[in-house]
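[1] Pasted the sequence and its predicted model underneath.
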Amino acid sequence: MFTARDVSKVYHSGEVEVVALAGIDLDLYPGEMVVLLGPSGSGKSTLLNIIGGLDRASTGTVRFRDEQISDYPEWKLTRYRRAHVGFVFQFYNLIPSLTARENVALVAEISKNPMPPEEALEMVGLKHRLDHFPAQMSGGEQQRVAIARAIAKRPDVLFCDEPTGALDSKTGILVLDVLYRINAELGATIAIITHNADIRKIAHRVISFRDGTIEGVERNETRLKPT
Ligand code: ADP
Ligand code: ADP
């Protein structure tokens with residue numbers, strides 16, 4: 001589904017150059033769930049942002065299906081991102097003045113074939129929270145609203161950057177269960193940046209980063225359901 005070849009990213013801050021990615025090669029396959037592991041600063045977020053069309057590589061190519069998205073002008077990259085990519089971040093970025101249903105509906109609006117917000121919220125187990133505001137919900141519930149918002153546009157791929165990073169382990173498991181079901185039932189390709197060992201158990205592959213390079217790729221032969 002994705003092919004990244006020799007992807008590098010250099011950030012310039014004043015006189016200083018930071019090499020965030022140094023020649024990455026990576027393929028992501030349709031329907032796969034992968035975990036990106038590695039120390040802070042090793043380039044994981046930079047890579048997902050580039051593949052997701054939020055940022056650009058300095059050199060190298062990124063393909064999505066038959067399209068070379070690394071050549072896209074800005075407007076085409078935005079169109080690609082809106083049509084195909086869902087994002088989930090550590091902090092939920094919900095709009096406080098809108099209910100769960102309204103938060104989900106807002107993003108679904110820009111999509112061609114959105115899921116009804118009620119259906120997306122049911123999928124994450126929050127049918128009973130449709131008319132609640134973010135402040136009336138726990139962290140885990142807010143993250144599940146954020147996931148509902150991401151899946152309501154029926155993305156082909158979901159990129160999650162530390163989705164359980166702000167949650168206790170029990171609440172984190174509920175979020176994992178939701179991601180597992182989205183992968184299994186919607187067939188969405190999912191890439192997750194995490195330190196959470198429970199997520200590694202449910203992934204098809206674990207990709208380890210170090211200093212802007214991929215240090216190793218491990219296939220998980222004994223993939224488990226979250227429990
Ligand atoms: P990770 O996700 O593995 O923690 P990142 O991709 O966030 O790593 O960061 C990789 C490197 O790039 C780090 O050294 C980080 O400080 C640097 N970096 C990331 N974003 C920026 C930016 N916008 N400007 C300058 N440096 C950045
Ligand atoms: P749109 O599809 O409306 O143009 P974007 O593509 O800019 O929106 O962003 C996609 C999603 O990612 C949105 O939910 C946006 O709030 C979120 N997002 C984008 N960049 C960041 C970031 N750096 N940190 C947190 N959330 C972000």
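    Yep, that arrived. Numbering: from 1, shown residues only. Ligands and ions are numbered 1, 2, ... in the order given.

[2] most centrally placed residue in this structure?
    The residue lying closest to the centre of the chain (CA atoms, centre = their mean) is Phe159, at 1.3 Å.

[3] For Asp25, see how far away it is.
    Taking CB to CB, to the nearest Å as the measure, Phe159 falls 18 Å from Asp25. C-beta: built from backbone N, CA, C; applies to glycine.

[4] And Gly140, by the same measure?
    36 Å.

[5] what do you get for Ala148?
    34 Å.

[6] higher neighbour count, the two?
    A direct count of neighbours by other CB atoms under 10 Å for Ala148 and Asp25 places Ala148 higher, at 29 against 12.

[7] Give the closest residue to the more buried one in space, chain neighbours not counted.
    Closest residue to Ala148 apart from its sequence neighbours, by CB to CB, 6 or more residues apart in numbering: Ala120 at 4.0 Å.

[8] quick one: what helix or strand has whichever residue of the chain sits closest to ligand 2 in it?
    Closest approach between the chain and ligand 2, counting by CB to the nearest ligand atom: Phe87, at 3.9 Å. Using DSSP states H and E, Phe87 sits within strand 85-88.

[9] Contact distance from ligand 2 - what residues of the chain qualify?
    Residues of the chain lying close to ligand 2 by CB under 6 Å from any ligand atom are 54, 78, 81-82, 87, 89, 93, 110.

[10] Specify which member of these is nearest to Asn196.
    Phe89 (14.8 Å; CB to CB).

[11] neighbours of that closest one, just the number please.
    For Phe89, the count of nearby residues is 18 (other CB under 10 Å).

[12] re earlier: after the strand holding Phe87 comes which helix or strand?
    With elements assigned by DSSP H and E, the helix or strand that comes after strand 85-88 is helix 100-108.

[13] Mind checking the pLDDT average for the helix or strand following that next one?
    Downstream of helix 100-108, the first helix or strand assigned by DSSP H and E is helix 117-123. For helix 117-123, mean pLDDT is 94.

[14] one step back: ok, now how distant is the residue of the chain closest to ligand 2 from Ile151?
    Using CB to CB, Phe87 is found at 11 Å from Ile151.

[15] Spit out the residues that contact those two alike.
    Here Phe87 and Ile151 have Leu158 as joint contacts, going by CB atoms under 8 Å, 6 or more residues apart in numbering.

[16] ok, those two, which is more surrounded?
    The neighbour count for Phe87 versus Ile151, taken as other CB under 10 Å, is higher for Ile151 (25 against 19).

[17] residues in contact with the more buried one?
    86, 115, 120, 123-124, 158, 182, 186, 188.

[18] Do you know the pLDDT at it?
    92.

[19] quick one, phi psi at it?
    In terms of degrees, to the nearest 10, the main-chain angles of Ile151 are phi -90, psi -10.

[20] Pull out the buried residues from the helix or strand of the chain with the lowest mean pLDDT.
    One helix or strand of the chain scores below all others by mean pLDDT, DSSP states H and E: helix 197-202, with a mean of 85. For helix 197-202, a neighbour-count test (16 or more other CB atoms under 10 Å) marks 199-202 as buried.
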